[in-house]
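# No sequence on hand, only this structure:
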């Protein structure tokens, strides 16, 4: 196939997908040599990407029979950057190559955004390399705006002249902790004001001011608390390409208004960098809101951006149209149990012979008063639901898919086969009769003459199958 099209992300796509990411990472590292080596990044990204595509919707773009793009994200983040749930696409969870990168991204984002919104994720955030201007332009045209900047220290503050009355120390006294808590509160007030409007952003107070992996530096001016800076080795929250066991991540900083423009922030940075180097840090990273004018003006004197996190808020005023965007997790489990109980009543029956998809859909719909919107065959449904995860045992309630080419109703094609997973890999399905088999055994079942053997294709979680389902109208409506 020479046209651009999408397929579900499968294990065989992993190597080529990581090569796409590595190429973009190398390009960014050429601009920011302080970034970790590409080989170090690949060791970190491979297991992260594998875990993500195994659990959540992911797609791969194919052109000329070659992988030219991939995308996935972390959905269902509660009250993400506002009141709505959302999805975050880390910088390592997407890449594309070729002269038509924008077209590739458009196809991938349209495909996944439809699923994310259907699941109630109305806030979409994506992290991109800071020097990828082509992708910046694409996101700007698609309603994304910058929110967070991740940067890495490339030039230390020069030795500042001694400031009369200034004392910069590592916090370790009870009065240091009291001053830290008060200034953290003042910082929250600052972030809540225009033009930042960040509410509820709370820095953690270390349980101990002398934790080995945490540094808190205080500035006192004429004995009065003037500012602080916090940092942590291998902290969470910063971009993955900046984080690492040898990275000191700055997790908070503040200078009180009356003490600004005196060189206090630079003195704090110099002290905390010194402490990090003594602990073995080879790089220093920071992330901050792009709308924080004070932070932007200070950090970019010494740090070089490596990632921009951009955000889009989807207008959700007409997205469900009466559909169940996503059932709550506890109700999804109940749906699986009810469907299983309904299916067991048909064990041994031949009424569904040749109607495997109808059997599974009847189990889910009849037992739960729902209406599903899958394909016309098991093979089409496998495509719609992006069946995969072939190396993981199907969890209870998932739909388990197989390819099967044969003749039905006078037509020969890949009709596929599907069953409903029970516990420990057991599957109830309609083949010659309604039966229960281990999912690994179904491929060896006898098939009609002239048809192909069953080939295991993977499974789709019930959460994905129920996206966009509707309640069946009762007779009272």
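Now that the structure is in, tell me what you want to look at. Source: prediction; values computed, not measured.
# Wasn't residue 143 part of a helix?
No - applying DSSP: H, G, I helix; E, B strand; the rest coil, one finds residue 143 to be coil, outside a helix.
# State the pLDDT value of the closest residue to it other than its chain neighbours.
Nearest in space to residue 143, with sequence neighbours left out and distances taken as Cβ to Cβ, 6 or more residues apart in numbering, is residue 312 at 4.9 Å. C-betas here are computed from N, CA, C, even on glycine. Residue 312 is assigned 97 on the pLDDT scale.
# gap between residue 312 and residue 194?
Applying Cβ to Cβ, to the nearest Å, one obtains 21 Å for the distance of residue 312 from residue 194.
# what do you get for residue 369?
Counting by Cβ to Cβ, the gap from residue 369 to residue 194 is 49 Å.
# List the residue ranges of this protein that fall below the pLDDT cut-off.
Scanning the chain for pLDDT under 70 picks out the ranges 1-2, 159-161, 200-212, 237, 317-329, 468, 472-477.
# more neighbours, residue 312 and residue 194?
residue 312 (17 against 6; other Cβ atoms under 10 Å).
# Look at that one and give its secondary structure.
Under three-state DSSP, residue 312 comes out as strand.
# what sits against it?
123, 124, 125, 142, 143, 144, 145 (Cβ atoms under 8 Å, 6 or more residues apart in numbering).
# which pair in those spans the largest distance?
Maximum pairwise distance among these (Cβ to Cβ): 14.4 Å, between 123 and 142.
# Looking only at neighbour counts, state which of these two leads.
More neighbours surround residue 123 than the other of residue 123 and residue 142, with 21 against 16 (other Cβ under 10 Å).
# looking at this, that one is in a strand?
Yes - using three-state DSSP, the assignment for residue 123 is a strand.
# and it, how far is that from residue 56?
16 Å.
# what do you get for residue 120?
14 Å.
# Find the centremost residue of this protein, please.
residue 74 (2.4 Å; Cα atoms, centre = their mean).
# tell me what whichever strand or helix holds residue 150 is packed against?
Element membership for residue 150 (DSSP states H and E) is strand 145-153. Where contact means 3 or more Cβ pairs under 8 Å, 6 or more residues apart in numbering; DSSP states H and E, strand 145-153 is packed against strand 283-289, helix 293-302, strand 303-313.
# Sheet-wise, list the partners of the last one with their directions.
The partner list of strand 303-313 in its sheet, established with DSSP bridges, is strand 121-129 (antiparallel), strand 145-153 (antiparallel).
# Ok, the first one next?
Each strand paired with strand 283-289, and its direction, by DSSP bridges: strand 145-153 (antiparallel), strand 247-255 (parallel).
# Need the ones you listed in CSV (columns: mean neighbour count).
Listed next are the strands paired with strand 283-289 as CSV, based on neighbours: other Cβ atoms under 10 Å:
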stretch, mean neighbour count
strand 145-153, 21
strand 247-255, 24
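# Turn these into a markdown table, including distance to residue 131.
Formatted as a markdown table, the strands paired with strand 283-289 follow (distance: least, Cβ to Cβ, whole Å):
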| stretch | distance to residue 131 |
| --- | --- |
| strand 145-153 | 12 |
| strand 247-255 | 20 |
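# which stretch among the ones you listed comes nearest residue 333?
Comparing the strands paired with strand 283-289 by Cβ to Cβ, strand 145-153 comes nearest, at 34.9 Å.
# Domain map for this protein?
5-142, 166-304, 329-471 (automatic domain parsing).
# Could you export the ones you listed as TSV, including distance to residue 150?
Output for the domains of the chain, formatted as TSV (distance: least, Cβ to Cβ, whole Å):
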stretch	distance to residue 150
domain 5-142	7
domain 166-304	4
domain 329-471	30
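# For residue 149, find the nearest of the ones you listed.
domain 166-304 (5.3 Å).
# Would you map the strands across the stretch 351-477 of the chain?
With DSSP state E, counting those that start in this stretch as the criterion, the stretch 351-477 of the chain has strands at 370-371, 399-403, 405-408, 411-414, 417-421, 426-430, 434-438, 455-460, 470-471.
# Next, the angle helix 293-302 makes with whatever helix or strand residue 176 lives in.
Assigned by DSSP H and E, residue 176 belongs to helix 174-191. Here helix 174-191 runs at an angle of 110 degrees relative to helix 293-302 (axes from the mean of the first three to the mean of the last three Cα atoms, to 10 degrees).
# what helices or strands is the next helix or strand after helix 174-191 leaning on?
Heading C-terminal from helix 174-191, the first helix or strand you meet, by DSSP H and E, is strand 214-221. With contacts taken as 3+ Cβ pairs under 8 Å, 6+ apart, strand 214-221 sits against strand 166-170, helix 174-191, strand 224-233, helix 264-278.
# returning to what we had before: quick one, which of the domains of the chain is nearest to residue 158?
domain 166-304 (8.4 Å).
# buried sites along stretch 368-381?
Of the residues in stretch 368-381, those buried by neighbour count under the rule 16 or more other Cβ atoms under 10 Å are 368, 370, 371, 372, 374, 377, 378, 379, 381.
# likewise stretch 152-164?
Those would be 152, 153, 157, for stretch 152-164 by 16+ other Cβ under 10 Å.
# swap in stretch 38-48?
38, 41, 45, 46.
# Out of these, which is nearest to residue 431?
residue 46 (37.8 Å).
# didn't that closest one look like it was pressed against residue 15?
No - using Cβ atoms under 8 Å, residue 46 is not in contact with residue 15, being 9.2 Å away.
# and the closest residue to residue 138 other than its chain neighbours, what does it touch?
Nearest residue to residue 138 in three dimensions, chain neighbours excluded: residue 102, at 4.9 Å (Cβ to Cβ, 6+ apart). When contacts are counted by Cβ under 8 Å, 6+ apart, residue 102 touches 134, 137, 138.
# Wasn't residue 102 part of a helix?
Yes - Residue 102: assigned to a helix according to three-state DSSP.
# ok so, going back, right, so of the helices and strands packed on strand 214-221, which gets closest to residue 116?
Going by Cβ to Cβ, the one of the helices and strands packed on strand 214-221 nearest residue 116 is helix 174-191, 27.5 Å.
# So which bits of the closest one are buried?
176, 177, 179, 180, 183, 184, 187, 188, 190, 191.
# So which of the buried residues of stretch 368-381 sit within helices?
368, 378, 379, 381 (DSSP state H).
# ok so, going back, what is the nearest of the buried residues of stretch 368-381 to residue 282?
Nearest to residue 282 among these, counting by Cβ to Cβ, is residue 381 at 50.4 Å.
# That closest one and residue 421: what is the separation?
For residue 381, the distance to residue 421 (Cβ to Cβ) stands at 15 Å.
# for residue 198, same thing?
Taking Cβ to Cβ, one finds residue 198 at 43 Å from residue 421.
# These two - which one has more neighbours?
residue 421 (24 against 15).
# Could you pull up the contacting residues of the more buried one?
Contacts of residue 421 (Cβ under 8 Å, 6+ apart): 394, 395, 396, 397, 398, 399, 400, 427, 439, 459.
# Would you format those as JSON lines with distance to residue 234 and neighbour count included?
Converted to JSON lines, those look like this (distance: Cβ to Cβ, whole Å; neighbours: other Cβ atoms under 10 Å):
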{"residue": "394", "distance to residue 234": "35", "neighbour count": "25"}
{"residue": "395", "distance to residue 234": "32", "neighbour count": "15"}
{"residue": "396", "distance to residue 234": "36", "neighbour count": "16"}
{"residue": "397", "distance to residue 234": "37", "neighbour count": "24"}
{"residue": "398", "distance to residue 234": "35", "neighbour count": "27"}
{"residue": "399", "distance to residue 234": "40", "neighbour count": "28"}
{"residue": "400", "distance to residue 234": "39", "neighbour count": "27"}
{"residue": "427", "distance to residue 234": "42", "neighbour count": "23"}
{"residue": "439", "distance to residue 234": "39", "neighbour count": "22"}
{"residue": "459", "distance to residue 234": "35", "neighbour count": "27"}
